[in-house]
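>>> Okay, here's the prediction I keep looking at, along with the sequence it came from:
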2 protein chains.
Amino acid sequence: VKERRLIAELLRPLATSRAARGLADDAAVWQPPRGRELVLTHDMLVCGIHYLPNDPPGDIALKLLAVNLSDIAAMGARPAGILLGLGLSPAEDDAWLDAFVAGLALGLARWALPLWGGDTVSGLAHAVLGLTAIGSVAPGAALSRDGARPGDGLYVSGTIGDAGLGLAVARGALAHDGYLLRRFRLPEPRLALGASLVGVATAAMDVSDGLLIDAERLAAASGITATIDLAALPLSRQAAALTPGDVERLERAAAGDDYELLFTLPPGTVPPAHTTRIGLITAGAGLTVIGSDGRPLVPPRLGFEH
Amino acid sequence: VKERRLIAELLRPLATSRAARGLADDAAVWQPPRGRELVLTHDMLVCGIHYLPNDPPGDIALKLLAVNLSDIAAMGARPAGILLGLGLSPAEDDAWLDAFVAGLALGLARWALPLWGGDTVSGLAHAVLGLTAIGSVAPGAALSRDGARPGDGLYVSGTIGDAGLGLAVARGALAHDGYLLRRFRLPEPRLALGASLVGVATAAMDVSDGLLIDAERLAAASGITATIDLAALPLSRQAAALTPGDVERLERAAAGDDYELLFTLPPGTVPPAHTTRIGLITAGAGLTVIGSDGRPLVPPRLGFEH
C-alpha cells in the first residue's frame, strides 16, 4: 500500500515525459539522441552509511541525484534521464516520502531531468536508495581516468574536505555550521565543468571517496605518478579555520563526499575558473604527497576503501 | 574490502565489453544501435521478500537477471546490457559471492549480455539486489499495456501458478518437487515470444504479481474489461495435481513470480506456440473471472499489491 501510494500519488505526477509512459508499462521507452554515445551509471545511498537517519528527506533525494550526476559530469556528459530503485523501511513514513519526493521534484526540475521509471520495495530494515542515471556525449569524447601523461598538471574543482567536516557537524562532533552541513548534504555535480573539460583534460574523475584515494586510482588507471602538493589544497574559509597544519590537511584530503572533479591538463593549458592546481603528473606509479615543508609525507589513510 | 574483492576479482573479469571500460571509470560509455528506441527498466530483489536466505546464490543472480529481462520481453525488446546495484549484508560471505557471480556469468553468457557497471555497498542488514536492464526495439514498436480492444482474445504463455507452489516447496510447506522449485527460483524471460508479438499483440505485459492482478492492470490501462475463464487456466502437470477445483485455480492465478507474458490478440490471429487463450476483452472496465460452472466468481485476492 505504501508502494502504491508512492507510485500513484507521488511519483507518477513527476513522470511526465513520454518515455515514462505514465509509469504504466513494464519499462520506459526512450529515443536516444542521434549521433551521441550514452553514459550509464548506477549509485546507491544507504541509510546509516551514506546519509544519517535524521537528514532531511528532501536533501537525501537531491544527494541521490547529485552523486549520480557527478558520475555523469566526470565523463563530460549531459544527463538525459533517470530510473529509481527505492528500497524502503518502516522509518520512511508518509511525511518522509512526501518530503523525499518534493526534493526529487526540485532536483528533476533543476537539472531538467525526466524520471523514466524504476522500482519500489518496502519492508526493508533500512532504506537503500538506488538511482540509474543516463547521459549522452559526443562519440569518443567521454572523459576517462586513464589518459594522464607525465608533465600534465593535476587540478581539482571547488574546495576539498567540507563534506567530511559537514558530516562531523551532522553527527554533533563539530559546532553547527550551515555551510559545511550543506556541503555534506547537498553536493553539487560539476556538470558544466565536466562538459567544458571534453577535448581539454587528459583524464578526469569525481572525488567521492577522498581526494587522496581517488588520485591514487587516477594514477593507477593512467600508469603514472600523481604528486599532490598539500599546501595547494583548496580549502573553504570554514575548513581553513579548522585546518591549522598538514595533519588536518591530510584529514581533509582523505574525507569523502566532496563530489568535486579531479582532472589533469597538458602543460600550458589555461585551467577553468574555480579550479586549483594541486600537483603534477610524472612518470612512475602511485601517489606521492608533499607536505608544506616540501618533503614527502606518508598519509595515515587515503579515503574510503571499497 | 569485500566490495573491492567483489569488483576487482569477481565482477571485472565479467565486464569484458568495451562499454564497461574495465569498471575503471565513473560510468559506462555505450554506442546505442542506430535507428532503435531504447527500453529501460530497473527491478530489485530483496532477501527475505523476493527470495529466501537459503536459495542458491547462483539462482538468485539468474533470477535477478530474469525478472528484469522479463520486463524487456514484455515490451517486445531485445536486451542490450545491464548495470548492477548490489547491497550486501554480512550473510553474503565469500562463498556466497563466488556462487552469485558464477550464476551471473552463466546468465550473461546465456543471454549474450554485457555487464556495463554499477555499484556495490556492504554493511546492510539484508541483501538488496538491484539491476538496470536496457534493451532496444524498432521505433514505435514497443508493446504496451494500453492497446487491448473489445473482441481481442486474452492469452498467456506457459503455465500459471508453478512459481507460487515452488515458493511453498522452498518454505517446506509442500513436498519437494524439483520442477516447481525451479519455476520459483529460475523464471524464464519470454524474450523470443515478446519479440514475436511486436506488430501482432494489441497489448502485453509480464505476469509478476499474479495473473489476476496483472490482468486487472492491463484492463485499467486499456480501458476495457478483461474476462478470464478459470477453466482455461494453463497448469503444469505438477500444478494440476495440486489444483482440484476453482478455489485452487484462484490461488494459482493470484500467486506471483510466474514471469509469463499476458497479451491480447485481435480476433482471428493465430496465437504463438506455447500460449493459451484464457479469456476475452469486452467493452467496460475491470476484471471478470468466470468459474468452471460458467458463472462469475469473486476472487478472495488478486495477487501482490504494490
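That came through, no problem. Numbering: from 1, shown residues only, chains lettered A, B, ... in the order given.
>>> how about A:Gly140, secondary structure?
coil (DSSP: H, G, I helix; E, B strand; the rest coil).
>>> neighbours around it, how many?
A:Gly140 sits with 10 neighbouring residues when counted by other C-beta atoms under 10 Å in any protein chain shown. No exception for glycine: its C-beta is placed from N, CA and C like everyone else's.
>>> ok now do it, which residues does it touch?
By C-beta atoms under 8 Å, 6 or more residues apart in numbering or on different chains, A:Gly140 lies in contact with A:Glu37.
>>> Quick check: phi and psi at it.
For A:Gly140, the backbone dihedrals (degrees, to the nearest 10) come out as phi 80, psi 0.
>>> go on, A:Pro79?
Recorded main-chain torsions at A:Pro79 are phi -70, psi 150, according to degrees, to the nearest 10.
>>> Could you measure from A:Arg171 over to A:Gly164?
In this structure, A:Arg171 lies at 11 Å from A:Gly164, with C-beta to C-beta, to the nearest Å as the measure.
>>> between those two, who's got more neighbours?
The neighbour count for A:Arg171 versus A:Gly164, taken as other C-beta under 10 Å, is higher for A:Gly164 (22 against 10).
>>> Surely the more buried one is within a helix?
Yes - note on A:Gly164: a helix contains this position according to three-state DSSP.
>>> Give me the nearest residue to it, chain neighbours excluded.
In space, not counting the residues next to it along the chain, A:Gly164 is nearest to A:Ala255; the distance is 2.3 Å by C-beta to C-beta, 6 or more residues apart in numbering or on different chains.
>>> wait, doesn't that neighbour sit right on A:Leu165?
Yes - assessed by C-beta atoms under 8 Å, A:Ala255 is found in contact with A:Leu165 at 7.3 Å.
>>> In the stretch 101-250 of chain A, where is pLDDT below threshold?
In the predicted model, the stretch 101-250 of chain A carries no residue with pLDDT under 70.
>>> At the contact with chain B, which residues of it appear?
On the criterion C-beta under 8 Å from any C-beta of the partner chain, chain B has as its neighbours in the stretch 101-250 of chain A the residues A:116-121, A:123-126, A:128, A:130, A:132, A:134-135, A:137, A:139, A:142, A:144-146, A:205-206, A:217, A:221.
>>> Let's see which of those residues end up in strands.
When those are checked against strands (DSSP state E), the matches are A:116-121, A:128, A:130, A:132, A:134-135, A:137, A:205-206.
>>> Which strand or helix spans A:Leu65?
When elements are defined using DSSP states H and E, A:Leu65 is found to belong to helix A:57-74.
>>> Is stretch A:256-273 in proximity to chain B?
No - using C-beta under 8 Å from any C-beta, stretch A:256-273 stays clear of chain B, with a minimum separation of 9.9 Å.
>>> Compute the first-to-last residue distance for that stretch.
23 Å (C-alpha to C-alpha, to the nearest Å).
>>> avg pLDDT for it?
Stretch A:256-273 carries an average pLDDT of 97.
>>> The residue of the stretch 151-300 of chain A found nearest chain B: how many residues sit nearby?
Using C-beta to the nearest C-beta, the point where the stretch 151-300 of chain A gets nearest to chain B is A:Ala221, with a distance of 5.2 Å. Residues lying near A:Ala221 (other C-beta under 10 Å) number 19.
>>> Now for the closest residue to it other than its chain neighbours: which residues touch it?
Using C-beta to C-beta, 6+ apart and skipping residues adjacent in sequence, the residue nearest A:Ala221 is A:Arg145, 3.8 Å away. Residues touching A:Arg145, when contacts are defined by C-beta under 8 Å, 6+ apart, comprise A:Ala203, A:Ala204, A:Met205, A:Arg217, A:Leu218, A:Ala221, A:Ser222, B:Ala24, B:Asp25, B:Asp26.
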